[in-house]
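> got a predicted structure plus its sequence, pasted below:
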Amino acid sequence: YLIQVAQEQEANGIMPAYAPLASDDYMIILDSNCLWIRSLQNYLLYSGDAETVRMLLPAARKLMDLLHSYTNSQGMLENPPYAYWLDHVLNDRRGANFTLNGHYLGALEDFAKVLDWLNESDAQVFKERADLLRNALQTHLWDESRGLFADALIDGKRSEMFSEHANAM
């Protein structure tokens, strides 16, 4: 899975939701891209196969650079140019969506772990991005009166929608 999806990576860093591709129906889902990074961390954790993970680091770095290019000043993915799925649920997908950013936060944290475990010098960059994002989610999307996280931050304003998905993340 990790190798086949990376082999289908586009020049800008985005990856398909699945591989190998059988036709030209290239499906890109941003949450799948975040989960690819998380799978890389789990693969290294449970297999110890540092050689394969090192081989995949260039693809992972390219993907993480692309995702970072879609972030706002608070470190949140905001209005990305690709679809994200999340679930067949009513969820406010405008602006900076909490659930997508929850997936991105997991990818940042897991990628930092991978880089730490492999003694790569830039692990701290991803830790700092994760800290910035976690703080932004807590600061901008927590509604104290409801005791819930809102679904999204749209043009600097908290969404009035509150989903189980955002709060599960």
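In hand now; what should we look at?
> where along the chain do the strands fall?
Counting by DSSP state E, the chain has these strands, from start to end: 96-97, 142-143, 148-149, 152-154, 157-158.
> span of stretch 19-39 from start to end?
Start-to-end span of stretch 19-39 (CA to CA, to the nearest Å) is 15 Å.
> mind listing what's buried along stretch 87-106?
Along stretch 87-106, these residues count as buried under the neighbour rule (16 or more other CB atoms under 10 Å): 91-93, 95-106. (C-beta placed from N, C-alpha, C; glycine too.)
> so which of these are in helices?
Per DSSP state H, helices hold the following members of those: 98-106.
> closest to residue 133 among those?
The shortest gap between residue 133 and any of those belongs to residue 105, at 5.1 Å (CB to CB).
> need the contact list for that closest one.
Taking CB atoms under 8 Å, 6 or more residues apart in numbering as the contact definition, residue 105 lies against 130, 133-134, 137.
> returning to that earlier point: and which of the buried residues of stretch 87-106 is nearest to residue 50?
Comparing the buried residues of stretch 87-106 against residue 50 with CB to CB picks out residue 106 as the nearest, at 21.2 Å.
> how deep is residue 38 tucked in, by neighbour count?
Other residues within reach of residue 38 by the criterion other CB atoms under 10 Å amount to 16.
> OK, contacts around it?
By CB under 8 Å, 6+ apart, the contact list for residue 38 reads 106-107, 110.
> again, only this time at 10 Å
By CB atoms under 10 Å, 6 or more residues apart in numbering, the residues touching residue 38 are 103, 106-107, 109-111, 114.
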